[in-house]
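In: show me how the following folds:
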Amino acid sequence: MNLRDVPDDVYTALTEAAAANRQSLSTFVVDRLTEVAQVARLADYVGAYQPPSGSGITLDDATSAVREVRDAS
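Out: This next block holds a predicted model:
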């Protein structure tokens, strides 16, 4: 993957963050993109979630449970 038009300040921030984490820029960016992909998939799941009928579980309950697990990890 090649990224174009990355603003200089963004590039600098990424390279500094990678160095602070003792990672190559590539590894650091792939790790961050992996996090973004996981959140994107989670949003799709939560958006499509249909609670079982008669369970008493609301979409808000399910969303809160997923966020609690995500925040704990």
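
In: how many residues are close by Y11?
Out: Neighbours of Y11 under the rule other CB atoms under 10 Å: 12. Where you see a C-beta, it was placed from the backbone N, CA and C, and this is true even at glycine.

In: residue ranges with poor pLDDT in this structure?
Out: Applying pLDDT under 70 to the chain flags residues 51.

In: can you give me the helices for it?
Out: Counting by DSSP state H, the segments of the chain that form helices are 8-20, 25-48, 59-72.

In: could those helices go into TSV alongside distance to N2?
Out: As requested, the helices of the chain are arranged in TSV below (distance: least, CB to CB, whole Å):
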stretch	distance to N2
helix 8-20	13
helix 25-48	11
helix 59-72	31
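
In: quick check: which of those helices is nearest to M1?
Out: Taking CB to CB, helix 25-48 is the member of the helices of the chain nearest to M1, at 8.6 Å.

In: who touches the closest one?
Out: If you take CB atoms under 8 Å, 6 or more residues apart in numbering as the criterion, helix 25-48 is touched by L14, T15, A17, A18, N21, Q23, L59, A62, T63, V66, R70.

In: quick one, which of the residues you listed are buried?
Out: L14, A18, A62 (16 or more other CB atoms under 10 Å).

In: reformat these as TSV; add distance to V29.
Out: Converted to TSV, those look like this (distance: CB to CB, whole Å):
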residue	distance to V29
L14	6
A18	8
A62	32
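
In: next one: phi and psi at P7?
Out: phi -60, psi 150 (degrees, to the nearest 10).

In: what's around it, how many residues?
Out: So P7, with other CB under 10 Å, has 8 neighbours.

In: quick one: it from Q23, how far?
Out: From P7 across to Q23, the span is 21 Å (CB to CB, to the nearest Å).

In: how about A17, nearest residue that isn't a chain neighbour?
Out: Leaving out its chain neighbours, the residue that sits closest to A17 by CB to CB, 6 or more residues apart in numbering is F28, at 6.2 Å.
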